[in-house]
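Peer 1: sequence first, then the predicted structure:
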Amino acid sequence: MARYRELISRIDATRGGRRTRGEGRQCDDDLVTIVTVAFNSAATIERTVESVAAQTHAHTEYVIVDGGSTDATVDILRRRSDEIDLWISGRDEGIGDAFNRGIALASGRYVALVNSDDWLEPTHIERAVEALRASNADFVFGDLLVHGRDGNLEFAIRGDSNYFRVIRRRMPDLNHPTVVCRADVFERCGLFDTRYRVAMDYDWLLRGYRMGVRGCYVEGLISHMDGNGVSHRNARRGLREVREISIKHGYPAALAWLGYMSRSFRLYVRELIERHISKRAALAIRGALHRRLRLRY
């Protein structure tokens with residue numbers, strides 16, 4: 001963490017937001033820092049900013065780390081600076097590095113990571129803080145709704161309250177865009193490993209789990225994700241990284257390879273069906289691999 005704080009003070013980056021005008025939020029026991037990382041996100045980031053601005057929890061701080069976008073992203077950040085505590089834009093070393101910079105800039109007691117193609121329900125932070133206050137959990141998480149290019153819901157992933165049963169061998173249904181975490185967890189078990197480009201969240205969660213960090217599933221804690229983001233575009237790389245991470249943390253290599261081959265085959269079948277039959281059929285297969293939410297809206 002200290003390395004990143006020193007790095008941020010020296011990097012060549014454009015900056016804006018309330019903090020640069022001396023109007024930053026005062027740190028208190030309820031302050032939540034929401035961190036968004038972005039790169040060429042002009043098509044989606046405004047929706048993310050609006051969802052953060054709409055949060056019913058009054059004590060929020062918003063930090064955006066942009067990787068030096070060449071589209072209109074920075075123009076949008078400038079225009080919406082009154083709704084952002086701090087934004088910086090400059091070259092970084094990938095998503096994990098951008099996450100780490102945002103966490104190092106956080107002032108809150110709690111931290112949430114909301115990517116530039118994600119968005120939150122208005123009560124998300126309020127519900128999460130209430131659950132953290134009421135429990136001894138280090139973080140809370142919920143359910144993720146994944147949307148297509150047209151904005152329509154494609155499938156839902158219900159958070160797994162028993163995620164610890166499978167976390168040693170694969171990424172469980174512990175939906176990272178829904179997580180709100182106590183900030184001191186990052187001091188205890190470190191930041192994201194920048195060697196991983198897709199599955200850095202799995203490495204961090206597994207590392208934390210092995211150090212005693214525990215999460216709690218919260219019914220009704222819902223976030224939204226654009227299904228065309230980095231993790232979906234780079235699914236095969238993600239599977240390879242999950243295999244490597246599980247082995248690194250002590251899972252038997254032979255079993256890790258078997259799991260990797262099984263998941264790769266299912267991905268291949270799903271893509272084949274989508275390419276040659278229909279996307280609807282492929283989504284049905286994907287939905288069968290997850291527990292479906294019974295939506296009321």
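Peer 2: Looks like it arrived, so ask away.

Peer 1: chain center to the helix or strand where residue 260 lies, what's the gap?
Peer 2: Assigning secondary structure by DSSP states H and E places residue 260 in helix 253-276. Helix 253-276 has its average C-alpha position 24 Å from the chain's average C-alpha position, going by C-alpha atoms, centre = their mean, to the nearest Å.

Peer 1: tell me the buried residues in that helix?
Peer 2: 256, 259-260, 263, 270, 273-274 (16 or more other C-beta atoms under 10 Å). Glycine gets a C-beta too; all of them are placed from N, C-alpha and C.

Peer 1: next one: stretch 210-227
Peer 2: For stretch 210-227, by 16+ other C-beta under 10 Å, it's 213, 215-218, 221-227.

Peer 1: what sits up against the helix or strand encompassing residue 187?
Peer 2: Per DSSP H and E, residue 187 falls inside helix 184-189. Helix 184-189 is contacted from outside by 1, 103, 111, 138-139, 204, 207-208, 211, 213, using C-beta atoms under 8 Å, 6 or more residues apart in numbering.

Peer 1: what about the residues you listed, which are in strands?
Peer 2: Here DSSP state E is the test, and these give 111, 139 as lying in strands.

Peer 1: helix, strand, or coil at residue 51?
Peer 2: Of the three states, residue 51 takes helix according to DSSP: H, G, I helix; E, B strand; the rest coil.

Peer 1: okay, now the closest residue to it other than its chain neighbours: neighbour count?
Peer 2: Spatial nearest neighbour of residue 51, excluding adjacent residues (C-beta to C-beta, 6 or more residues apart in numbering): residue 119 at 3.9 Å. Other residues lying near residue 119 total 23 when counted by other C-beta atoms under 10 Å.

Peer 1: for residue 119, give me its contacts.
Peer 2: Here residue 119 is in contact with 47-48, 50-51, 223-224 (criterion: C-beta under 8 Å, 6+ apart).

Peer 1: how does it look with 7 Å?
Peer 2: 47-48, 51, 224 (C-beta atoms under 7 Å, 6 or more residues apart in numbering).

Peer 1: what does residue 74 give?
Peer 2: 14, 66, 89.

Peer 1: what's the first helix or strand after the helix or strand hosting it?
Peer 2: For residue 74, the host element (DSSP H and E) is helix 73-79. Note on helix 73-79: by DSSP H and E, the next helix or strand toward the C-terminus is strand 86-89.

Peer 1: for that following strand, packing partners?
Peer 2: strand 14-16, strand 60-66 (3 or more C-beta pairs under 7 Å, 6 or more residues apart in numbering; DSSP states H and E).

Peer 1: quick one on the thing from earlier: what's the average pLDDT for the helix holding residue 187?
Peer 2: Per-residue pLDDT over helix 184-189 has a mean of 94.

Peer 1: next, the buried residues of that helix.
Peer 2: 185-186, 189.

Peer 1: quick one: which of those residues is nearest to residue 169?
Peer 2: residue 189 (19.8 Å; C-beta to C-beta).

Peer 1: so the closest residue in space to residue 102 that isn't next to it in sequence is in which element?
Peer 2: Distances taken as C-beta to C-beta, 6+ apart place residue 35 nearest to residue 102, at 3.4 Å, with adjacent residues excluded. Taking DSSP H and E as the definition, one finds residue 35 inside strand 32-38.

Peer 1: adjacent strands (with direction) for that strand?
Peer 2: strand 60-66 (parallel), strand 110-113 (parallel) (DSSP bridges).

Peer 1: can I get those in TSV with mean pLDDT, mean neighbour count and distance to residue 238?
Peer 2: Converted to TSV, the strands paired with strand 32-38 look like this (pLDDT from 0 to 100; neighbours: other C-beta atoms under 10 Å; distance: least, C-beta to C-beta, whole Å):
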stretch	mean pLDDT	mean neighbour count	distance to residue 238
strand 60-66	97	26	21
strand 110-113	98	25	17
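
Peer 1: between these, which gets nearest to residue 157?
Peer 2: Nearest to residue 157 among the strands paired with strand 32-38 is strand 110-113; the distance by C-beta to C-beta comes to 16.7 Å.

Peer 1: low-confidence ranges, this structure, go.
Peer 2: 1-2, 4, 6-10, 26, 228-233, 276, 278-297 (pLDDT under 70).

Peer 1: which residues of it fall in helices?
Peer 2: 2-10, 45-53, 73-79, 95-104, 124-134, 184-189, 200-210, 230-233, 235-248, 253-276, 279-288 (DSSP state H).

Peer 1: so of those, which one's packed in deepest?
Peer 2: helix 95-104 (a mean of 24; mean count of other C-beta atoms under 10 Å).
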